[in-house]
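Participant: quick one, what's the 3D model for this:
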Amino acid sequence: MRSRNALDLQREREGSLGVIGLSPAYGLSLSDFGTRFVFRNLLDEEVEPDEAVIFHVGHTIYGLTLETWMSFSDRPGEVYE
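Facilitator: Modelled structure (predicted):
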């Protein structure tokens, strides 16, 4: 079993902060794709402004949730150490 030093923890923290910044961008890019391509071209629908806000917020929450799940799934055995 390897002990963790301060440098390992700092790298992990910096990596987590980078992913936290990317996760809302990922969610918003999905929602932007959905409103511009899927709704307009595939479904032939137009999204109302209030519906678009809910759509974008939902995808941003999805991106943050995905980031949280992925960050915890990297270290499954450390909970009990």
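
Participant: all helices for the protein, in order.
Facilitator: Listed in chain order, the helices of the chain (DSSP state H) span 6-33, 49-73.

Participant: now the first one: average pLDDT?
Facilitator: In this model, helix 6-33 has an average pLDDT of 71.

Participant: likewise for stretch 67-77?
Facilitator: 65.

Participant: now swap in stretch 45-52 and tell me
Facilitator: Mean per-residue pLDDT for stretch 45-52: 89.

Participant: who's in contact with that stretch?
Facilitator: Thr35, Phe39, Arg40, Phe55 (Cβ atoms under 8 Å, 6 or more residues apart in numbering). From N, CA and C alone the C-beta is placed, and that goes for glycine too.

Participant: if we go to 10 Å?
Facilitator: Ser31, Asp32, Gly34, Thr35, Arg36, Val38, Phe39, Arg40, Val53, Ile54, Phe55, His56 (Cβ atoms under 10 Å, 6 or more residues apart in numbering).

Participant: closest to Gly63 out of these?
Facilitator: Ser31 (9.2 Å; Cβ to Cβ).

Participant: which residues are in contact with the closest one?
Facilitator: With Cβ under 10 Å, 6+ apart, Ser31 has these contacts: Val38, Val47, Ala52, Ile54, Phe55, His56, Val57, Gly58, His59, Thr60, Tyr62, Gly63.

Participant: and if you look at Gly21?
Facilitator: Going by Cβ under 10 Å, 6+ apart, the list of residues near Gly21 reads Glu67.

Participant: one more time with 7 Å, if that's ok
Facilitator: With contact set as Cβ atoms under 7 Å, 6 or more residues apart in numbering, Gly21 has no partners.

Participant: all good on my end, thank you.
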